[in-house]
Structure formats: structure tokens, C-alpha cells
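Enquirer: Below are the sequence and a predicted model for it; my questions follow.
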Amino acid sequence: MSGHGDPIPMTSTACDPLRGTADVPGDKSISHRSLILGAMCVGETTITGLLEGQDVLDTAKAMRAFGAQVTDHGGGKWSVHGVGVGGFTEPDGVIDCGNSGTGVRLIMGAMATQPITATFSGDASLNGRPMARVTDPLALFGCQAVGRSGGRLPMTLVGAREPVPVRYTVPVPSAQVKSAVLLAGLNAPGQTVVIEKEATRDHTERMLLGFGAEVSVVETAEGREITLTGQPELNAQHIEVPRDPSSAAFPVCAALVVPGSDVLVPGIGLNPTRAGLFTTLREMGADLTYENERVEGGEPVADLRARFSPDMKGIEVPPARAASMIDEYPVLSVVAAYASGQTVMRGVRELRVKESDRIDAMAKGLRANGIDVDEGEDWWTVTGAGHGNVAGGGLCASQLDHRIAMSFLILGMAANAPVRVDDGGPIATSFPIFEPLMTALGAWVSRDG
Ligand code: S3P
């Protein structure tokens with residue numbers, strides 16, 4: 001079931017070559033952060049290219065509930081009149097973050113050091129996900145949290161009245177936890193320090209600098225140490241959101257597996273903390289090139305060209321790369337099914353606590369389509385059938401997870417029999433134009449019934 005309505009069963013069928021240009025939407029991580037930081041400064045932040053997926057719309061609604069004036073001007077142009085650091089008002093009702101772990105965790109961080117109380121909830125997927133990873137460090141600032149067993153939503157946070165700065169080593173590789181601590185540190189006096197053993201996406205650090213906060217990053221023996229000076233005056237900004245590499249992954253991977261394809265995916269953010277999938281695909285022998293490389297808004301950007309690649313080989317993905325492609329393992333496993341040999345993915349325990357248990361969801365669906373998958377708690381392997389040999393014909397459960405639904409629809413685009421997904425509804429959380437975009441390239445994706 002999708003979180004916001006009846007299930008939308010979908011099918012994809014082997015198609016003619018995919019051709020053309022795929023203009024994918026704005027980056028989800030950067031979109032959430034633009035709205036939240038915009039709400040935490042005084043003055044008008046303007047945003048272009050905002051992802052208008054349900055996850056981000058839920059964050060926009062939440063920022064309004066905390067007192068910011070958030071306006072949709074149409075065509076991806078938005079503005080936020082912020083309330084200043086420490087200026088959130090107490091929301092009247094429950095903050096419903098829908099399917100979005102990023103939304104709820106970042107917003108919890110942002111309110112944790114303000115003298116207000118807020119209750120958070122989400123859909124069945126989000127209400128099952130672990131929140132203690134965020135509320136534990138927020139407690140160090142003086143914020144109290146009461147939720148359901150296992151630290152799950154719905155949950156009420158009582159923000160610290162007299163917050164103290166913290167020094168915190170993030171125990172799991174998580175940009176959401178790191179960002180929650182940094183956002184909480186904004187309204188604490190003195191210096192808040194976050195240490196991450198493995199580098200995760202650094203959009204929060206980059207954006208805080210852009211808004212005028214004092215942030216320094218040093219590499220130490222313990223890892224990447226980020227120091228933020230609290231209670232800054234944040235200055236309203238203009239933000240151009242780059243296109244999302246995690247969404248680009250879908251048309252790119254489709255082009256690699258559908259015979260004869262040649263697809264251009266322009267203007268993709270290639271921040272090294274996000275681009276691990278593309279490096280991995282090239283190591284597998286994908287015909288994937290970067291054209292027109294440039295820097296836009298402080299982020300490296302390129303046009304990606306992906307062409308059908310019949311000779312890809314399975315590889316062992318370096319575990320150190322996991323954080324830079326954590327959302328892309330599902331679609332990588334689809335490409336691995338079309339490659340020859342085994343693709344080995346280790347050090348990926350975090351996949352088990354995403355919108356779904358992504359190792360379990362992909363393993364079940366790939367097996368239902370004739371692909372061999374082996375798995376352990378923090379690893380999995382996919383044995384490629386090779387181009388032309390993916391059976392298909394299976395029904396896959398999307399488990400309320402947009403990336404699972406899209407991955408299986410890509411699997412069907414070159415399989416010997418159509419691949420069905422029980423619910424494509426969650427796709428709207430991150431890539432609302434997935435279906436028309438893929439159809440315009442030549443894919444045969446349809447809604448059943
Ligand atoms: C995100 C961080 C990652 C990622 C998610 C977006 C972010 O989650 O999976 O889709 O914007 O900070 P974790 O921090 O849980 O790894």
C-alpha cells in the first residue's frame with residue numbers, strides 16, 4: 001500500500017532502445033535542507049529547482065507549522081520567510097512527515113534546542129524506523145523524547161529550554177544523524193562538534209557555510225570532525241537545487257541494460273559524497289561518460305551519457321564506498337542481474353533500516369524474477385544472469401519504498417517477461433515524474449487495472 005491512498009500496481013515490459021534526454025528533478029537531500037535552513041534565518045530565502053516530491057512537500061508543511069512562511073511560486077520556484085535561529089513557534093497539531101526519514105530526523109534536530117514541544121508521526125514505513133539514533137544525541141543538548149517502544153514514531157519531543165553544546169561521535173554512518181546534531185547545535189551556545197568515522201553526504205555543512213554559519217571540518221584520527229559555532233545570524237540565500245544523482249540513477253541504469261539505448265541525463269550533482277554508484281558502474285564496464293563537467297552553486301555537476309552496455313561484469317563494491325551510494329544499491333543490484341559474474345556488496349547494514357529493509361526487499365523480488373541472491377546481516381551478493389537471460393515474470397512487493405518500486409520497474413525493461421510491482425504509489429515521494437520521464441525515453445511502464 002502507498003501511504004497516501006490505494007495501491008498502484010504497475011508493470012514494465014521489455015522495450016525498444018531508450019533514447020533522448022532525461023531531465024530528472026531536484027536533489028531530495030538538498031531540497032529538505034533548503035526549506036529547513038531557510039526557515040531558520042531571518043529574511044527571504046529563494047529556491048529554484050526544488051524537488052516537489054511528497055517527502056519535501058511534507059517538510060514544507062512542517063516548516064509552516066513551526067512558523068515559517070513557505071510559498072510555492074510554481075515551476076520549482078519557492079520562497080521561505082524564516083523565523084531566525086531559535087524562533088520556531090510551537091505547532092498546533094502533529095507533524096506528519098509521511099514517508100520521510102530525512103524530513104523527520106532533520107526537523108527533530110532543528111527544534112530540539114528550542115523551548116517548544118512537538119509530536120511527530122509518519123506512514124507505516126516511517127513509524128517502523130529507528131529514531132533513537134537521533135533522539136540519543138539530542139538528549140545531550142537537553143531535549144526529551146517520548147515515543148513508542150524501540151524508539152519509534154509517533155514521538156513527542158520537548159525541546160531544551162537551556163541547551164548546552166555537545167561533542168558527539170556518530171555511531172552509524174548517517175548524514176541524517178550528523179545533520180540533526182548540527183541543526184540542534186545552531187541554537188546551542190558555544191561550539192557543537194560532530195565526528196563521523198566515515199564521511200557521509202556533506203550538504204548540511206556546505207549549506208550552513210552558505211548561510212553564513214561558522215563551520216570548520218578537519219580530518220582527525222577518529223574521523224571527520226565538524227565544528228559549528230552556535231547561535232549565528234543566518235543570512236537568507238538564493239539556492240539553486242542541482243538535479244538528484246539518486247534519481248538520475250534510474251534512467252542511467254535503464255539505458256545500460258536496454259539494448260541499443262543512448263540517454264543523456266543533464267545537470268547531475270556529482271558531489272563525491274553522492275557519486276559512488278557512477279564510479280561502481282564504470283568499474284563494471286558501463287558505457288557511462290561525464291560531459292560538460294562544471295561547478296554550479298559550489299557543487300560539481302556534469303551531464304551523464306549512458307549507453308547500452310552488454311558486457312558489464314560483476315565486481316566487489318568497496319565497503320568504504322557504501323555511504324556515497326547508500327540509496328543506489330537497489331538499482332545497482334538490478335544492473336548486477338544483467339551483468340556476468342557476481343556482484344558483492346559488503347558493509348551495507350544500513351540498507352536494512354531504510355524506507356524498507358532494502359536487502360530483503362530486493363532479494364525477494366530478484367529471486368521472484370529468476371536471479372540468484374545470497375545475503376547476510378550486512379552483505380549481499382547478486383549472481384548476474386547476463387544480458388538476455390533475466391527471466392522476469394515476477395511480482396515484486398515495493399514495501400512502501402520508492403527506490404524498490406523504481407528498481408523493479410527498471411528490471412522489467414530488458415527482462416524476458418514483464419515485471420510487476422504491487423504498488424508504485426511511493427515513487428511520488430522522490431520522483432513524481434518517473435513514469436512520464438521513462439515513457440518519453442521509450443520505456444513501456446504502465447499502471448495496471
Ligand atoms: C539522507 C541520508 C541518507 C539517505 C537518505 C537521505 C540525507 O540516510 O539514505 O535517503 O538527506 O541526509 P542516512 O543518514 O540514514 O544514511
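Expert: Sure thing, it's come through.

Enquirer: From now on I want contacts and neighbour counts done on CA atoms only, so please keep to that.
Expert: Noted.

Enquirer: Would you check how far apart the closest residue to residue 300 other than its chain neighbours and residue 204 are?
Expert: With CA to CA, 6 or more residues apart in numbering as the criterion, residue 300 has its nearest non-adjacent residue at 5.3 Å, and that residue is residue 270. To residue 204, residue 270 is 16 Å away according to CA to CA, to the nearest Å.

Enquirer: Any regions of the protein where pLDDT drops low?
Expert: Applying pLDDT under 70 to the chain picks out residues 1-4.

Enquirer: Now do the contacts for the residue at the greatest distance from the centre of it.
Expert: Residue farthest from the centre of the chain, counting by CA atoms, centre = their mean, is residue 162 at 32.6 Å. Counting by CA atoms under 8 Å, 6 or more residues apart in numbering, residue 162 touches 113, 142.

Enquirer: Wait, residue 185 touches residue 232, no?
Expert: No. The criterion here is CA atoms under 8 Å, and residue 185 misses it with residue 232 at 10.2 Å.

Enquirer: how about the helices in this protein?
Expert: Ranges of helices within the chain are 28-39, 54-65, 101-111, 132-141, 175-185, 203-210, 245-257, 276-283, 329-338, 358-368, 402-412, 434-441, based on DSSP state H.

Enquirer: Output these in TSV, with distance to residue 79 and mean neighbour count appended to each entry.
Expert: Below are the helices of the chain laid out as TSV (distance: least, CA to CA, whole Å; neighbours: other CA atoms under 10 Å):
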stretch	distance to residue 79	mean neighbour count
helix 28-39	8	26
helix 54-65	10	23
helix 101-111	18	26
helix 132-141	28	21
helix 175-185	20	28
helix 203-210	16	18
helix 245-257	24	27
helix 276-283	32	19
helix 329-338	33	26
helix 358-368	35	21
helix 402-412	27	28
helix 434-441	25	17
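
Enquirer: Dump those helices to a markdown table, plus distance to the ligand.
Expert: Shown next, in a markdown table, are the helices of the chain (distance: least, CA to the nearest ligand atom, whole Å):
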| stretch | distance to the ligand |
| --- | --- |
| helix 28-39 | 4 |
| helix 54-65 | 10 |
| helix 101-111 | 5 |
| helix 132-141 | 9 |
| helix 175-185 | 4 |
| helix 203-210 | 8 |
| helix 245-257 | 9 |
| helix 276-283 | 13 |
| helix 329-338 | 11 |
| helix 358-368 | 11 |
| helix 402-412 | 10 |
| helix 434-441 | 17 |
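
Enquirer: Quick check: phi and psi at the residue nearest to residue 300.
Expert: Main-chain torsions, residue 270, degrees, to the nearest 10: phi -120, psi 40.

Enquirer: Please name the spatially closest residue to residue 174 (chain neighbours excluded).
Expert: In space, residue 174 is closest to residue 200, 6.4 Å off (CA to CA, 6+ apart).

Enquirer: er, residue 94 actually
Expert: Using CA to CA, 6+ apart and skipping the chain neighbours, the partner closest in space to residue 94 is residue 119 (5.1 Å).

Enquirer: now swap in residue 183 and tell me
Expert: residue 110 (4.8 Å).

Enquirer: Now do the same contact list for residue 434.
Expert: residue 427.

Enquirer: Roughly how far does the nearest residue to residue 447 once chain neighbours are set aside sit from residue 448?
Expert: Leaving aside its sequence neighbours, residue 447 sits nearest to residue 10 (CA to CA, 6+ apart; 4.4 Å). For residue 10, the distance to residue 448 equals 5 Å [CA to CA].

Enquirer: Contact residues of the chain facing the ligand?
Expert: Applying CA under 6 Å from any ligand atom, we find that the chain lies next to the ligand at 29, 102, 174, 175, 176, 177, 326, 327.

Enquirer: and with 5 Å instead?
Expert: For the chain, the contact set with the ligand under CA under 5 Å from any ligand atom comprises 29, 174, 175, 176.

Enquirer: Assess the claim that the third one and residue 198 are in contact.
Expert: No. Look at residue 175 against residue 198 with CA under 8 Å: they stay out of range, at 10.0 Å.

Enquirer: between residue 10 and residue 448, which one's more packed in?
Expert: residue 10 (23 against 12; other CA atoms under 10 Å).

Enquirer: Provide the partner residues of that one in its beta bridges.
Expert: Beta-bridge pairing of residue 10 under DSSP bridges involves residue 421, residue 447.

Enquirer: Identify the residues contacting it.
Expert: Going by CA under 8 Å, 6+ apart, residue 10 touches 409, 420, 421, 422, 423, 424, 445, 446, 447, 448.

Enquirer: measure it to residue 401 for me?
Expert: From residue 10 to residue 401 the distance is 14 Å (CA to CA).

Enquirer: hang on, the earlier thing: grab the two from the residues of the chain next to the ligand that are most spread out in space.
Expert: Farthest apart among the residues of the chain next to the ligand by CA to CA are 29 and 174. That separation is 12.6 Å.

Enquirer: Could I get the contacting residues of residue 126?
Expert: So residue 126 contacts 98, 99, 100, 101, 153, 355 (CA under 8 Å, 6+ apart).

Enquirer: again, 7 Å this time
Expert: Applying CA atoms under 7 Å, 6 or more residues apart in numbering to residue 126 gives the contacts 99, 100, 101, 355.

Enquirer: Check residue 145 too.
Expert: Listed by CA under 7 Å, 6+ apart, the contact set of residue 145 reads 135, 155, 156, 157, 158.

Enquirer: Which single residue in the stretch 251-400 of the chain comes nearest to the ligand?
Expert: Closest contact between the stretch 251-400 of the chain and the ligand, by CA to the nearest ligand atom, is at residue 327 (5.2 Å).

Enquirer: Residue 156 versus that residue, what's the distance?
Expert: To residue 156, residue 327 is 28 Å away according to CA to CA.

Enquirer: Please apply the same query to residue 12.
Expert: 42 Å.

Enquirer: got it, and residue 185?
Expert: 20 Å.

Enquirer: Export stretch 240-252 to CSV, keeping only CA atoms.
Expert: Extracted in CSV, the C-alpha atoms of stretch 240-252 (Å, rounded to 0.1, in the frame of the first residue of the first chain):
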residue,chain,number,x,y,z
GLU,A,240,19.6,26.5,-6.9
VAL,A,241,19.0,22.9,-6.2
PRO,A,242,21.0,20.6,-8.5
ARG,A,243,19.3,17.6,-10.1
ASP,A,244,19.4,14.5,-7.9
PRO,A,245,22.1,11.8,-8.6
SER,A,246,19.9,9.3,-6.8
SER,A,247,17.1,9.9,-9.3
ALA,A,248,19.5,10.1,-12.2
ALA,A,249,20.5,6.5,-11.3
PHE,A,250,17.2,5.1,-12.7
PRO,A,251,17.3,6.4,-16.3
VAL,A,252,21.1,5.8,-16.3
